[in-house]
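# missing the sequence, but the structure's below:
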């Protein structure tokens with residue numbers, strides 16, 4: 001704790017002059033250019049675009065392209081790889097800062113460790129002994145950090161209107177940030193720092209894009225970092241200095257300089273990382289319980305039966321009696337922890353307070369109060385921890401019981417290998433009915449569970465498949481408990497959450513947690529271990545949304561995606577950490593450049609490009625090929641559906657025909673791009689391939705003339721007139737309302753009615769593409 005307090009003290013007095021930056025870099029930070037970046041040299045722009053285009057290739061690829069262009073156009077100014085890198089570094093304002101560290105990853109030689117010649121943890125020397133004997137100080141290990149030398153690449157958000165308190169829709173709808181805005185802590189030109197993606201607050205549909213995620217530092221191995229504060233310190237020192245001094249930036253919208261004071265809203269990590277980062281996970285004050293002779297505490301509300309266990313013999317706890325995390329309680333606990341005089345007292349107080357050290361973020365002057373700036377780890381909690389817990393219970397593989405076999409518990413519905421394998425086949429077959437834009441569809445969970453099953457696969461399986469697929473296997477009480485849990489969590493993932501929906505989530509989660517203990521734990525001391533922290537932590541979700549806004553805006557998904565993305569770019573296995581550091585620097589430089597020069601971002605250009613043969617309909621709707629070559633006759637049953645539509649909207653086209661005599665010829669289209677960017681397909685083309693070769697995307701949600709939502713299967717699209725484009729859909733029957741209500745809106749089943757329910761709708765009534773998975777469960781006796 002002594003060193004943690006020293007790091008905090010040094011952050012509180014941070015200055016740019018004390019950050020080891022060169023004087024010219026500090027000058028650029030304080031006096032940025034007063035104009036929008038423009039590249040006047042066409043040759044320079046060409047080589048920058050080529051450098052970005054071959055980003056995932058080797059250096060030799062760039063050199064080969066350069067030589068080929070130089071041979072064809074000898075007069076061109078062909079920049080070498082070194083020169084184009086230096087040009088990008090200068091234009092982006094992003095440079096790499098190398099910091100020395102212990103060769104075993106124990107500490108970084110920063111802050112109070114800066115003067116050390118040897119790691120105080122493992123005793124390893126800081127410098128290479130051979131070089132040191134020759135009079136040269138060559139560090140044995142380094143880690144790299146991206147430093148924004150100039151604020152040209154910073155994305156400045158135009159101040160938003162006061163957010164509506166009618167719903168929770170973003171970070172700025174959280175109570176604590178609104179208080180900071182109201183009391184002037186966050187001013188008109190202040191930037192809202194989102195530590196999750198190291199970017200400034202921009203619209204939610206862009207925040208998770210690769211171009212807006214800037215890795216700040218790469219900490220190499222070979223081991224996990226020991227004193228994490230020593231690795232975080234260089235970046236936080238720069239942030240603290242700019243919080244104190246202010247950051248001068250050019251706002252292109254206002255065409256003038258502004259002075260902004262950084263505000264660090266949130267610090268994110270996974271559960272174990274959060275414990276290292278801020279010293280706790282969720283400061284709620286719940287007293288845990290443990291088994292006799294076991295040091296692990298579990299957040300069980302109910303007192304176990306049998307002989308009392310010291311430290312766990314307190315009475316039952318009501319969730320409503322647990323106080324929410326507060327800054328005052330955190331400060332009291334931290335003060336108590338710091339009063340420890342020896343190692344024994346420290347261990348005792350650590351158990352009492354739930355803290356292990358003061359967080360380094362306490363040294364920053366402009367943050368949300370501790371511990372509110374550390375939200376729960378929603379991604380790992382809901383996508384990995386909870387699915388793993390329930391899967392081990394349902395399969396009877398959970399370990400820790402000595403008095404009974406989990407395979408014999410009432411909840412062990414998947415313990416039979418045949419049942420488990422059959423369920424895996426149902427999951428595998430369902431993947432063909434999920435549209436392709438819904439990312440990775442769950443694979444056969446029985447066969448692929450131990451083969452890199454992804455978080456998004458667990459999420460889809462756990463919250464979308466399980467309520468329907470296991471409703472005939474799980475005992476009624478267990479199924480209802482799970483539906484409450486699933487629905488309560490699904491609300492937390494919504495972008496827009498109404499207050500009444502948030503209250504519903506809190507109510508459902510409270511009931512689900514209480515019922516979980518009654519069903520799975522049942523006050524049995526031998527089953528205490530099934531009450532894992534994950535089952536309690538999720539209960540804090542609705543409260544955190546009230547405090548800091550919609551949780552979907554601060555998940556760990558972008559962090560995990562960045563880790564995998566950078567890892568896939570490593571091209572030099574012999575020096576992976578050095579290569580990874582260079583890839584991170586390159587990512588920062590290129591992303592900063594794309595932010596300043598959107599015209600070099602091909603991803604953005606391709607997203608806005610209208611494909612060949614497409615037809616723009618307005619309002620973001622675009623008809624896409626394939627397109628029929630000519631007008632063709634359609635069956636009578638389809639003609640009657642068109643007659644019913646045209647009789648209302650285009651009666652002149654019906655002429656003197658009635659429904660039985662009306663005939664129509666149409667030219668079919670296969671696909672429709674919706675305003676949200678997804679593509680709705682049609683049975684006209686999809687039915688030509690076997691289902692096993694598809695990810696069906698022809699089921700859509702649409703609204704009728706009365707504003708009621710329905711589900712339909714698109715047969716095809718066509719244009720009736722130049723101004724009216726329609727879709728022929730087979731409308732699904734009404735959903736099973738009784739099952740929908742009983743499952744707390746987690747099971748939505750409708751009957752497919754085929755040709756008996758054809759209807760023509762305007763394509764602009766289509767709102768989204770949905771997945772309609774065939775129901776494998778049949779009523780008893782059917």
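Alright, I've got the coordinates. Since we're looking at a predicted model, the values are computed, not measured. Numbering: from 1, shown residues only.
# Show me the shaky parts of the stretch 501-650 of the chain.
572-573 (pLDDT under 70).
# one more time with 90, if that's ok
537, 543-611, 650 (pLDDT under 90).
# what ranges do the strands span in it?
Secondary structure of the stretch 501-650 of the chain by DSSP state E, counting those that start in this stretch: the strands cover 615-618, 621-627, 632-633.
# Mind naming the longest helix for the protein?
Secondary structure of the chain per DSSP state H: the longest helix is helix 576-596.
# which other helices and strands contact it?
Applying 3 or more Cβ pairs under 8 Å, 6 or more residues apart in numbering; DSSP states H and E, we find helix 576-596 packed against helix 81-92, strand 94-100, strand 142-148, strand 217-218, helix 557-568. To be clear about C-beta, it is placed using only N, CA and C from the backbone, and glycine gets the same treatment.
# Quickly, which of the ones you listed bottoms out on average pLDDT?
Comparing mean pLDDT across the helices and strands packed on helix 576-596, the weakest is strand 142-148, with a mean of 59.
# who touches the next helix-or-strand element following that strand?
Where DSSP states H and E defines the elements, the next helix or strand beyond strand 142-148 is helix 175-182. For helix 175-182, the external contacting residues (Cβ atoms under 8 Å, 6 or more residues apart in numbering) are 163, 171-172, 185-186, 192, 263, 265, 368-369, 372, 546-549.
# got the buried residues for helix 175-182?
Buried residues in helix 175-182, counted by 16 or more other Cβ atoms under 10 Å: 176-178, 180-181.
# Same question for stretch 498-517.
501-502, 504-506, 508-517.
# do stretch 428-444 as well
428, 430-435, 438, 441-444.
# which residues touch residue 685?
Per Cβ under 8 Å, 6+ apart, neighbours of residue 685: 626, 670-671.
# okay, those in CSV with neighbour count and distance to residue 64 next?
CSV is the format used below for the contacts of residue 685 (neighbours: other Cβ atoms under 10 Å; distance: Cβ to Cβ, whole Å):
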residue, neighbour count, distance to residue 64
626, 13, 38
670, 22, 40
671, 24, 38
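# quick check, nearest of these to residue 580?
residue 671 (39.6 Å; Cβ to Cβ).
# could you point out which element follows the helix or strand where the closest one lies?
According to DSSP H and E, residue 671 maps onto strand 669-673. Counting by DSSP H and E, the next helix or strand C-terminal to strand 669-673 is strand 679-680.
# follow-up on the earlier one: what's the closest of the buried residues of stretch 498-517 to residue 338?
residue 513 (33.2 Å).
# Could I get the pLDDT score of residue 243?
Model confidence at residue 243 (pLDDT) stands at 90.
# Surely it is in a strand?
No. Read with DSSP: H, G, I helix; E, B strand; the rest coil, residue 243 is helix and lies in no strand.
# Was I right to think residue 558 contacts residue 213?
Yes. Counting by Cβ atoms under 8 Å, residue 213 is a contact partner of residue 558 at 5.6 Å.
# higher neighbour count, the two?
The neighbour comparison of residue 558 against residue 213 (other Cβ atoms under 10 Å) goes to residue 558, with 23 against 20.
# so how far is residue 552 from that one?
Remark: distance between residue 558 and residue 552 (Cβ to Cβ, to the nearest Å) = 12 Å.
# Check residue 567 too.
From residue 567 to residue 552 the distance is 25 Å (Cβ to Cβ).
# count of neighbours near residue 610?
Residue 610: 11 neighbours (other Cβ under 10 Å).
# sorry, back to before: among the contacts of helix 175-182, which are in helices?
Within the contacts of helix 175-182, residues falling in helices by DSSP H are 546-548.
# For these, which entry has the maximal number of neighbours?
Of those, with other Cβ under 10 Å as the count, residue 548 tops at 25 neighbours.
# Name all residues that make contact with it.
171, 174-177, 265-266, 368, 372-373, 375, 554.
# which among those residues end up buried?
171, 174, 176-177, 265-266, 368, 372-373, 375, 554.
# quick check, nearest of those residues to residue 723?
The closest of the buried ones among the contacts of residue 548, once distances to residue 723 are taken by Cβ to Cβ, is residue 171, at 41.6 Å.
# Now the closest one: closest residue in space that isn't a chain neighbour?
Distances taken as Cβ to Cβ, 6 or more residues apart in numbering put residue 549 closest to residue 171, at 4.1 Å, once the chain neighbours are dropped.
# Show the pLDDT at residue 13.
92.
# Now it: phi and psi?
Main-chain torsions, residue 13, degrees, to the nearest 10: phi -110, psi 20.
# Helix or strand with the lowest mean pLDDT in the chain?
Lowest mean confidence among the helices and strands of the chain (mean pLDDT, DSSP states H and E): strand 199-200, at a mean of 34.
# Helices - which of the buried residues of stretch 498-517 land there?
Among these, the members falling in helices (DSSP H) are 501-502, 504-506, 508-516.
# Let me have those in CSV, extended by distance to residue 650.
Below are these laid out as CSV (distance: Cβ to Cβ, whole Å):
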residue, distance to residue 650
501, 40
502, 45
504, 44
505, 46
506, 50
508, 47
509, 51
510, 54
511, 52
512, 52
513, 56
514, 58
515, 56
516, 57
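# any idea which of those residues is closest to residue 308?
residue 514 (22.1 Å).
# any idea how far the closest one is from residue 409?
Residue 514 is 19 Å from residue 409, by Cβ to Cβ.
# Most tightly packed of the strands of the stretch 501-650 of the chain?
Comparing those by mean neighbour count (mean count of other Cβ atoms under 10 Å), strand 621-627 ranks first with a mean of 17.
# elements contacting it?
strand 615-618, strand 669-673.
# And the residue nearest the centre of the protein?
Note on the chain: the residue nearest the mean C-alpha position is residue 557, at 3.0 Å, using Cα atoms, centre = their mean.
# wait, doesn't it sit right on residue 382?
No. Residue 557 sits out of contact with residue 382 when judged by Cβ under 8 Å, with a separation of 10.8 Å.
# Would you map the helices across the stretch 251-400 of the chain?
Here the stretch 251-400 of the chain has its helices, by DSSP state H, counting those that start in this stretch, at 271-278, 327-338, 343-353, 378-380, 386-395.
# Make CSV from those and add mean pLDDT to it.
Shown next, in CSV, are those (pLDDT from 0 to 100):
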stretch, mean pLDDT
helix 271-278, 53
helix 327-338, 86
helix 343-353, 84
helix 378-380, 88
helix 386-395, 96
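# Which among these is found nearest to residue 618?
Closest to residue 618 of the helices of the stretch 251-400 of the chain, according to Cβ to Cβ: helix 378-380, at 37.7 Å.
# How far off centre is that closest one?
Counting by Cα atoms, centre = their mean, to the nearest Å, helix 378-380 is centred 8 Å from the centre of its parent chain.
# What of stretch 90-104?
That offset, for stretch 90-104, works out to 27 Å (Cα atoms, centre = their mean).
# try stretch 708-721
Counting by Cα atoms, centre = their mean, stretch 708-721 comes out at 33 Å from the chain centroid.
# Residue 549 contacts residue 174, correct?
Yes. Using Cβ under 8 Å, residue 549 is in contact with residue 174, at 3.4 Å.
# Residue 406 and residue 393 touch, don't they?
Yes. Counting by Cβ under 8 Å, residue 393 is a contact partner of residue 406 at 7.2 Å.
# anything in contact with each of these two?
residue 412.
# sorry, back to before: can I get the helices and strands packed on helix 576-596 in CSV including distance to residue 336?
As requested, the helices and strands packed on helix 576-596 are exported to CSV (distance: least, Cβ to Cβ, whole Å):
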stretch, distance to residue 336
helix 81-92, 47
strand 94-100, 34
strand 142-148, 34
strand 217-218, 33
helix 557-568, 32
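# Run through who's touching the top strand by length along the chain.
Assignment by DSSP state E gives strand 709-719 as the longest strand of the chain. Applying Cβ under 8 Å, 6+ apart, the contact partners of strand 709-719 are 615, 623, 638, 666-672, 680-684, 698-704, 725-732, 750, 752, 758-759, 761, 763, 767, 770, 772.
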